[in-house]
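Need a 3D model of the following:
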Amino acid sequence: MVRDYKFKHLSAGDLLREEQEKGGADADEIKKNIKEGNFGINSGTLVKSDLIVRLLKKAIALNGLRRYLIDGFPRNKENMEAFERIIGHEVDIRNLIYFECSEQCMIDRIT
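Numbering: from 1, shown residues only. Okay, here's the model as predicted:
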């Protein structure tokens, strides 16, 4: 999609790590939450989703392209609600791609 259709790939995890490495305003919060595993599928309070959405919004503003492939977000309904609340009026979501794989496939990918 990036190569053939000129989408800009944005990884939620990469954005969090980059912000942490830059020592940005949210670096301490990101470091704490990553250490505690609070950005996973079954976690995430409103503040954490707001943080990710703010980083996505900043990345979208910096890139100026019109097509984005956002990887790793949303992971749950609360993430999507934060996205809609913060930048939903600024973007038009046309498609959502959901990949489902077996537990063994996930284990193979991370090992």
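
For the lowest-mean-pLDDT helix or strand in the chain, name the packing helices and strands.
Within the chain, no helix or strand scores below helix 27-36, which has a mean of 78 by mean pLDDT, DSSP states H and E. Identification of packing neighbours for helix 27-36 by 3 or more Cβ pairs under 8 Å, 6 or more residues apart in numbering; DSSP states H and E yields helix 12-22, helix 46-63. Yep, even glycine has a C-beta here, placed from its N, CA and C like the rest.

rerun that using 7 Å as the cut-off
In this structure, helix 27-36 packs against helix 12-22, with contacts taken as 3 or more Cβ pairs under 7 Å, 6 or more residues apart in numbering; DSSP states H and E.

can you pull the buried residues of the helix it packs on?
For helix 12-22, a neighbour-count test (16 or more other Cβ atoms under 10 Å) marks Ala12, Leu15, Leu16, Glu19, Gln20 as buried.

who's in contact with the closest residue to the last one other than its chain neighbours?
Nearest in space to Gln20, with sequence neighbours left out and distances taken as Cβ to Cβ, 6 or more residues apart in numbering, is Ile30 at 4.4 Å. Contact partners of Ile30, counting by Cβ atoms under 7 Å, 6 or more residues apart in numbering, are Leu16, Glu19, Gln20.
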